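Peer 1: Provided below for reference: sequence and predicted model.
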Amino acid sequence: QLVESGGGLVQPGGSLRLSCAASGFTLDYYVEAWFRQAPGKEREGVSFIMNSDGSTYYSNSVKGRFTISRDDAKNTFYLQMDSLKPEDTAVYYCATDSRLRYVSFDPYDYNIWGQGTRVTVSS
């Protein structure tokens, strides 16, 4: 399973770092991902990292503000979120998949999920 931490309340322009720790397996599948879901909206892909070469991908809405990374020694990956905006408010989920062999932005392609952590950006 994946266990997330790091959400909370932050003011606009602030920063948060989310963590996603794997328990019971090694994070060595093809891709690791962060998704988010705002109230009344569909779950959307935010950021992705490939295990093979560390390549990263971001949605246009977070590009330049968010950074995904991983720490193999800790079996954990992260999402550093800077310059946060009210529209970043959502529940954030980490995910991976044992079958994927490409980077997919579709949440239905992922079979291992964290429980979600709430991020609220508000003054």
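Peer 2: Arrived safely, thanks for sending. It should be emphasised that the depicted structure is a prediction, and the values quoted were computed from it without experimental measurement. Residues are numbered from 1 along each chain as shown.

Peer 1: quick check, central residue of this protein?
Peer 2: Trp34 (2.1 Å; Cα atoms, centre = their mean).

Peer 1: that residue touches Ile68, doesn't it?
Peer 2: Yes: if you go by Cβ atoms under 8 Å, Trp34 and Ile68 touch, sitting 6.5 Å apart. Just so you know, the C-beta spots here come from the backbone N, C-alpha and C atoms, and that holds for glycine as well.

Peer 1: so for these two, which residues contact both of them?
Peer 2: Ser47, Phe48, Leu79 (Cβ atoms under 8 Å, 6 or more residues apart in numbering).

Peer 1: so can I have CSV of the residues you listed showing pLDDT?
Peer 2: What follows is the shared contacts of Trp34 and Ile68, written out as CSV (pLDDT from 0 to 100):
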residue, pLDDT
Ser47, 98
Phe48, 97
Leu79, 98
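
Peer 1: quick check: bridge partners of the residue nearest to the centre of the chain?
Peer 2: Taking DSSP bridges, one obtains Ser47, Cys94 as the residues bridged to Trp34.

Peer 1: all strands for this structure, in order.
Peer 2: Applying DSSP state E to the chain gives strands spanning 2-5, 8-10, 16-22, 31-37, 44-50, 56-58, 66-71, 76-81, 90-96, 112-113, 117-121.

Peer 1: how about those in a markdown table, adding distance to Ser104?
Peer 2: Converted to a markdown table, the strands of the chain look like this (distance: least, Cβ to Cβ, whole Å):
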| stretch | distance to Ser104 |
| --- | --- |
| strand 2-5 | 17 |
| strand 8-10 | 28 |
| strand 16-22 | 17 |
| strand 31-37 | 8 |
| strand 44-50 | 8 |
| strand 56-58 | 10 |
| strand 66-71 | 15 |
| strand 76-81 | 16 |
| strand 90-96 | 10 |
| strand 112-113 | 13 |
| strand 117-121 | 22 |
